[in-house]
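Asker: Structure for this input, please:
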Amino acid sequence: MRIICVAGARPNYMKIKPVMDALENQGAEVFLVHTGQHYDPAMNDVFFQDLGLRPPDRFLGVGSGSHATQTGRVMTAFEPLVDELAPDAVVVVGDVNSTLACALVTAKAGPLLAHVEAGLRSRDWSMPEEVNRVATDRVSDYLLAPSHDAADNLRAEGYHDDQIHVVGNVMIDTLFANLERAERSDVLGRLGYETGAYGLVTLHRPANVDDPEVLAGLLKGLGEVAAHCPLVLPVHPRAAEKLNALGVPDGIRLVPPAGYLDFIALQAGARIVLTDSGGVQEETTALGVPCVTLRDNTERPITVDQGTNVLAGRDPARIVATALRILADPPPPRRPELWDGRAGERIARVLLDGGTAAKRPRPTDHR
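Answerer: Predicted coordinates:
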């Protein structure tokens, strides 16, 4: 089979690598397409290097822009590539704009479409990612769910059992494959920290960093936590200017964005992690590190039910109370079923075996 695998932004790289490896190991012809949604070297090149991800076969270079602009640019760049390569299937991962754009093109062009991380739901329509993931699932042939709760969401929405495959979490595949290398990182020494003597913070979601009042409240709460445990915050490009404009409280140290291996080492060595990232909720659960999520909801509730994650919302007082409780009494480590490092293999078997999805009628060309 000829299969296009799509990556567009940093969270995609960790998800697509185990899928590509497993497909190629089982004889598929794989084309890696990078849409260029993330193009900053600190968010892009270093991750390809750390993960051992080969250079993309095609780079679309769409860059930044509004949601509509960026999605449209990806679609117009991806459509002729699908016509040229004539793949049997296209694999999209996650929930960024590139995911939805390439899914829409594929659904109309004819190849089978597989969505990795299908079924995740926050039920928060103010999140662009929620719109992207729900719409992508709707046009996909293969719904590759990371956990049983995600599969339950899909069944509740009316999807057929022959579309839904619980395959496990590809993020954990990549984490386990690189954990030993990450443990050899000298990032803690470079920053002057010891294992268990600091907390780690990440902030990047628009709802948290675009509104100065919300961001100021988060910083206030984090500053109070930092009085009990010093915090290190690798600065996402989206948040850098806003953080510098507001200033950060004492005890919070801003550092440049970390590469994949360094970031895993920072998570593994942290006493606590405070984040608004979906992937970090998963990685901390797999690592057994206490996590406080600075959001009112999560599309990954399994990290709360079966992992080390606690939802604290964005109220400063609640963040402080939650963090101090966890510092005093950390939750026991727990790892969900199928988070075993073999999700990529299961995905490859689903795609290469074909199944009933391959018999579905495809759209005709109306051009």
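Asker: what's near enough to touch Gln49?
Answerer: Gly259 (CB atoms under 8 Å, 6 or more residues apart in numbering). Every C-beta, even on glycine, is put in place using the N, C-alpha and C of the backbone.
Asker: Quick one: residues in contact with the helix or strand of the chain with the lowest mean pLDDT.
Answerer: Least confident helix or strand, the chain: helix 237-246 with a mean of 83, by mean pLDDT, DSSP states H and E. Helix 237-246 has contacts (CB under 8 Å, 6+ apart) with 40, 42-43, 203-204, 206, 209-210, 212, 215-216, 219, 233, 235, 254, 257.
Asker: Identify each buried residue in it, please.
Answerer: Within helix 237-246, the residues scored as buried using 16 or more other CB atoms under 10 Å are 239, 242-243.
Asker: Leu51 touches Lys17, doesn't it?
Answerer: Yes: Leu51 lies in contact with Lys17 (CB atoms under 8 Å); the separation is 5.3 Å.
Asker: Next, show the common contact partners of these two.
Answerer: By CB under 8 Å, 6+ apart, the residues touching both Leu51 and Lys17 are Thr174.
Asker: more crowded one of these two?
Answerer: Set side by side, Leu51 and Lys17 show more neighbours around Lys17, with 26 against 19, by other CB atoms under 10 Å.
Asker: if I pick Pro316, what's in contact with it?
Answerer: 217-218, 220-221, 224.
Asker: cutoff 10 Å now
Answerer: Applying CB atoms under 10 Å, 6 or more residues apart in numbering to Pro316 gives the contacts 216-225.
Asker: With Thr298 instead?
Answerer: Per CB under 10 Å, 6+ apart, neighbours of Thr298: 120-122, 124, 276, 278, 281, 304, 309, 311.
Asker: go with 8 Å
Answerer: Neighbours of Thr298 in contact, by CB under 8 Å, 6+ apart: 122, 278, 281, 304, 309, 311.
Asker: Farthest-apart pair in these, please.
Answerer: Farthest apart among these by CB to CB are Ser122 and Asn309. That separation is 13.5 Å.
Asker: Give me the more crowded residue out of those two.
Answerer: Asn309 (26 against 20).
Asker: Run a quick neighbour tally on Asp57.
Answerer: A count of nearby residues for Asp57, using other CB under 10 Å, gives 14.
Asker: Check it and give its pLDDT.
Answerer: In this model, Asp57 is scored at 96, pLDDT.
Asker: so how far is Asp296 from it?
Answerer: Relative to Asp296, Asp57 is positioned 40 Å away (criterion: CB to CB, to the nearest Å).
Asker: before we move on, what about Leu311?
Answerer: Taking CB to CB, one finds Leu311 at 7 Å from Asp296.
Asker: neighbour count winner among these two?
Answerer: Leu311 (18 against 14).
Asker: Contact partners for that one?
Answerer: So Leu311 contacts 293, 295-298, 304 (CB under 8 Å, 6+ apart).
Asker: now, which of these lie within helices?
Answerer: Val304 (DSSP state H).
Asker: Just send the contacts of Leu311 back as a markdown table, with distance to Gly65 too.
Answerer: Shown next, in a markdown table, are the contacts of Leu311 (distance: CB to CB, whole Å):
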| residue | distance to Gly65 |
| --- | --- |
| Thr293 | 28 |
| Arg295 | 25 |
| Asp296 | 28 |
| Asn297 | 27 |
| Thr298 | 28 |
| Val304 | 34 |
